[in-house]
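*Asks:* after the sequence you'll find the predicted model.
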Amino acid sequence: MTTSKATNNGRRSRPVARAALILSACLFSTQAAAFASAPYFPLPDGATWTYNVSDGTTSSTETRTVAGTRSFNGAQVKIIRDQAGNENYFTNDDAGVRVHGALFVDPVNGNETDTYSPPVPFASRDSIIGTQVPGSGSA
C-alpha cells in the first residue's frame, strides 16, 4: 500500500513570494539620497593630507597642505600645495567643489600656470553616489 502526504506548498510559498516582492520594490524603486559635498572636502588653512604612494617597487609619502587663499582668475581660491611646491587652486562654495587652475614648478624649463575656464567641477554642491559631474572648458 502506498501512502501519499498532501502538501500545501502553494499556501506556504505565498508569504515568501509576497516578502520577496515587497523587498524588491523597496530596493529597486528608491534613489540614492543627495548629500552636501562641502564637508567631505574641507579647505581650512593648514589642513594636511598625507598619502602613501607605491608603484609596486618603491614607495614614498606625498603631502598636500592648504596654504592659504589668493585671488586667481577672478576668484578667491584655496591653495593646495604639495611638497615640491606645485599648487592647485580650489573653491568649495554654493557652486560645489571646483578646480580653477594649477601651478607646476619646473626649475629647468620654467614654471607652468594652467587656468581652467570655466573651472573644472570636482564635485557638485549636492552629490549622489554614482552620478557623474559634467563639465567642459579649456585650459
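*Replies:* Received the coordinates, thanks.

*Asks:* and the next element down the chain from the helix or strand residue 88 falls within?
*Replies:* Residue 88 is part of strand 87-93, with elements assigned from DSSP states H and E. Once strand 87-93 ends, the next helix or strand along the chain (criterion: DSSP H and E) is strand 96-104.

*Asks:* next SSE after that next one?
*Replies:* strand 112-123.

*Asks:* orientation of that next one relative to strand 96-104 in degrees?
*Replies:* Inter-element angle recorded for strand 112-123 and strand 96-104: 160 degrees (by axes from the mean of the first three to the mean of the last three C-alpha atoms, to 10 degrees).

*Asks:* let the chain start at 737 from now.
*Replies:* Fine by me, first position is 737 from now on; the one you just mentioned is strand 848-859.

*Asks:* name the residues of strand 848-859 that are buried.
*Replies:* 852, 855-859 (16 or more other C-beta atoms under 10 Å). Where you see a C-beta, it was placed from the backbone N, CA and C, and this is true even at glycine.

*Asks:* list the contacts for residue 770?
*Replies:* For residue 770, the contact set (C-beta atoms under 8 Å, 6 or more residues apart in numbering) comprises 862-864.

*Asks:* and it, how far from residue 855?
*Replies:* Applying C-beta to C-beta, to the nearest Å, the value for residue 770 to residue 855 is 21 Å.

*Asks:* now do the buried residues in stretch 789-797.
*Replies:* For stretch 789-797, using 16+ other C-beta under 10 Å, no residue counts as buried.

*Asks:* tell me if I'm right that residue 865 and residue 773 touch.
*Replies:* No: checked against C-beta atoms under 8 Å, the pair residue 865 and residue 773 is beyond contact range at 11.2 Å.

*Asks:* ok, the two, which is more surrounded?
*Replies:* residue 773 (17 against 8; other C-beta atoms under 10 Å).

*Asks:* ignoring the adjacent residues along the chain, who's closest to the more buried one?
*Replies:* residue 859 (3.9 Å; C-beta to C-beta, 6 or more residues apart in numbering).
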